[in-house]
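1. Pasted the sequence and its predicted model underneath.
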Amino acid sequence: MLVKINGEDTNLPEGSTIKEAIDFSNAPYDDGSIICLIKGKKEFEKNINKYKLKTPKGSIIIEMVDSKEGKPLINLWKKQYKEFESCSIRWVSSIEVAIGPIGTDLKPTMDENTYKDGDVLLSLSGFSNESTHIIIAKENHSAAYGVPEFNKGIFAKVVGGRRTVRLLDSDDNILSIEPLIERSSVTDSASVSDLNTILDEGNQLFTYVMIKPDENSPQSVEHLFSLLEKGNISVDYESNSFVGFYSLQSLGKPAEETTMRKRGTVTVRNTGKGTGKVYIYREDRVKSPYHTTVAHVEKGMELLDIANRNDKITVKSNPERIMTLGMTQKEAGDYLNSIGVIHERTGIVDDDGLIVEQIPEFSIDVIKEGKVETKAINEEDLVLIELYIDEAPRTSWYFRKITNLIEKPIGSLKIHFAFPGMKLSMFEGDGKESKGLIPENNPSSCVEAGKIGVTNMSKKNVGLIGVRFENNDEFGPTAEPFNGTNIVGKIKTDLKYLEKLKEGEIAYIKRFKN
């Protein structure tokens with residue numbers, strides 16, 4: 001049994017299920033993600049309504065007419081349109097362009113009919129079906145084209161490329177004709193299926209989306225990679241025009257590459273309301289300075305077409321993210337060597353040194369330069385932090401944002417004040433990002449050593465971060481009273497290393513997960 005899995009022909013035993021097909025083909029798929037199943041090519045093309053005719057002068061887009069009378073002509077077109085490829089522009093006049101001929105089984109009439117600018121019809125030149133032509137009307141007129149009895153021969157309208165129609169002459173020809181895939185084409189043919197669905201001959205199965213990053217937007221591409229860290233993404237919003245992914249909203253990036261937002265374009269909102277949101281377009285939209293182009297969908301657009309809110313989609317990238325943070329120097333060296341990138345070690349250069357920084361920071365820049373420098377520390381100097389996500393959601397988001405833990409596996413905190421005698425250290429915050437830090441998870445009694453506190457908006461130094469190295473019954477880790485302190489987490493490693501750091505030094509941190 002022959003089926004297509006993510007565009008590749010695959011022979012399967014009769015009666016195979018979707019799960020068996022995925023296992024057999026080793027297709028990328030994360031459990032719980034949606035799957036798109038199309039019954040077959042004929043079923044799919046039955047729902048296509050637009051076609052692109054490519055010529056040396058440009059492309060012409062035609063759309064099938066929505067009429068019962070034109071249905072027999074549309075069916076013939078969908079069956080035989082490829083035969084018009086390589087046909088010449090047979091003749092050109094002030095009112096029409098003729099393309100052909102091919103042979104059909106149509107029967108001509110001798111009636112004169114009226115036509116409008118942009119009408120596309122089938123004409124039987126010389127009243128012979130062996131000389132069937134496409135006629136594109138350039139203006140309103142009346143003529144006897146020997147058309148079949150259906151709908152005056154009209155099967156389509158020109159909806160794009162009118163200028164190209166007027167530029168054509170008898171030296172031109174049709175280079176190619178391709179169906180234009182729109183969201184409606186897919187949603188009319190596809191169904192979201194469970195893994196136990198039995199496949200049939202000719203089925204098309206899509207399990208994942210493949211994207212290609214835009215090399216002109218290195219910072220924004222890294223933002224996208226952060227969204228794709230788990231190998232899948234969940235839909236937060238969907239409309240006819242786009243699918244939205246909002247989990248990194250408010251993480252701003254500078255404007256980079258802006259392009260026409262064609263179907264399959266991936267963008268990041270770079271300013272204004274919704275900064276940091278990621279969009280994948282189902283339909284063409286104009287260029288916007290507020291949307292940075294970060295990638296284009298190469299495979300699996302069908303999944304994005306059928307996706308609904310809260311659906312999970314498996315997504316891969318080519319090339320993938322180059323992220324060495326959290327690796328040892330040896331692990332990074334082996335990995336970078338496998339992808340052809342030169343590796344330079346700094347900091348702790350021993351094989352077991354734990355990498356906390358890489359230069360260049362962004363994957364696209366690493367690929368362009370072909371080399372990366374990795375800075376490592378001793379593993380015992382890494383500070384592990386348990387964050388109270390549920391108890392302090394706003395504060396934990398702020399903390400992860402300013403330490404870069406949202407976008408990287410290892411973040412950092414810079415020592416702002418160190419008070420050895422007071423058993424207290426404070427770290428630099430961000431006044432702008434800390435706006436709106438309402439009181440949450442305030443301590444009510446003793447603040448234990450190792451608890452991390454953030455000053456909330458009830459106090460002047462909002463956003464300041466601190467940690468105590470001994471218990472305190474009166475004040476929080478930023479020396480504020482309990483009502484001005486949000487407890488965001490707890491340090492899970494030995495406090496002695498952190499306690500000895502001086503003002504201006506960096507503490508490298510990682511989330512502790514049970």
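-> Thanks, I have the structure now.
2. residue boundaries of the helices in this structure?
-> 18-25, 41-45, 71-80, 162-167, 183-187, 218-227, 301-306, 329-338, 363-369, 393-403, 495-499 (DSSP state H).
3. Quick one: closest of those to residue 381.
-> Closest to residue 381 of the helices of the chain is helix 495-499 (Cβ to Cβ; 5.6 Å). Backbone N, C-alpha and C define where each C-beta goes, glycine included.
4. Which residues are in contact with the residue lying closest to residue 11 once chain neighbours are set aside?
-> Using Cβ to Cβ, 6 or more residues apart in numbering and skipping the chain neighbours, the partner closest in space to residue 11 is residue 2 (5.8 Å). By Cβ atoms under 8 Å, 6 or more residues apart in numbering, the contact set of residue 2 is 9, 10, 11, 12, 201, 202.
5. Contact partners for the second one?
-> Put plainly, it is residue 10. Counting by Cβ under 8 Å, 6+ apart, the residues that residue 10 touches are 2, 3, 4, 21, 24, 25.
6. In contact with the fifth one, which residues?
-> If a contact means Cβ under 8 Å, 6+ apart, then residue 24 has 10, 12, 16 as its contacts.
7. Against residue 139, how distant is the residue of the chain positioned farthest from its centre?
-> Most distant from the centre of the chain: residue 110, at 53.8 Å, with distances by Cα atoms, centre = their mean. The spacing between residue 110 and residue 139, counted by Cβ to Cβ, to the nearest Å, is 23 Å.
8. For residue 146, grab the count of nearby residues.
-> 23 (other Cβ atoms under 10 Å).
9. I figured it was touching residue 107, is that so?
-> No: applying Cβ atoms under 8 Å, one finds residue 146 not in contact with residue 107, separated by 9.7 Å.
10. the strands in the stretch 301-450 of the chain, which residues?
-> 312-317, 342-347, 354-359, 371-377, 383-387, 411-419, 424-427 (DSSP state E, counting those that start in this stretch).
11. Those strands into CSV, with extra columns for mean neighbour count and mean pLDDT?
-> What follows is the strands of the stretch 301-450 of the chain, written out as CSV (neighbours: other Cβ atoms under 10 Å; pLDDT from 0 to 100):
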stretch, mean neighbour count, mean pLDDT
strand 312-317, 21, 96
strand 342-347, 15, 97
strand 354-359, 22, 97
strand 371-377, 20, 97
strand 383-387, 19, 96
strand 411-419, 17, 90
strand 424-427, 24, 92
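12. For residue 79, find the nearest of these.
-> strand 312-317 (34.1 Å).
13. List the neighbours of the closest one that are in contact with it.
-> Residues contacting strand 312-317 (Cβ under 8 Å, 6+ apart): 28-30, 32-34, 207-213, 224-225, 228, 231-235, 295, 303-304, 307.
14. go again using 7 Å as the cut-off
-> 28-30, 32-34, 207-211, 213, 228, 231-234, 303, 307 (Cβ atoms under 7 Å, 6 or more residues apart in numbering).
15. cool, stretch 492-511 as well?
-> 356, 377, 381-387, 403, 405, 409-415, 417-418, 425, 449-450, 467, 469, 491, 512.
16. likewise stretch 413-430?
-> Here stretch 413-430 has contacts from 402-403, 463-470, 478-479, 498-499, 501-507, 509, using Cβ under 7 Å, 6+ apart.
17. now do the same end-to-end measure for it.
-> 12 Å (Cα to Cα, to the nearest Å).
18. and stretch 202-215, which residues are buried?
-> 203, 204, 205, 206, 207, 208, 209, 210, 211, 213, 214 (16 or more other Cβ atoms under 10 Å).
19. now the helices of the chain in CSV, with mean pLDDT?
-> Listed next are the helices of the chain as CSV, based on pLDDT from 0 to 100:
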stretch, mean pLDDT
helix 18-25, 94
helix 41-45, 64
helix 71-80, 93
helix 162-167, 94
helix 183-187, 65
helix 218-227, 96
helix 301-306, 92
helix 329-338, 97
helix 363-369, 97
helix 393-403, 95
helix 495-499, 92
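20. and stretch 174-181, average pLDDT?
-> Average pLDDT, stretch 174-181: 90.
21. ok, and for it, which residues are buried?
-> 174, 177, 179, 180, 181.
22. And for stretch 256-275?
-> Quick answer for stretch 256-275 (16+ other Cβ under 10 Å): 256-259, 261, 263-270, 275.
23. now those residues as TSV including pLDDT?
-> Converted to TSV, the buried residues of stretch 256-275 look like this (pLDDT from 0 to 100):
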residue	pLDDT
256	96
257	96
258	95
259	95
261	95
263	92
264	96
265	97
266	98
267	98
268	97
269	96
270	95
275	94
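24. biggest separation within the residues you listed, which pair?
-> 263 and 275, at 24.0 Å, using Cβ to Cβ across these.
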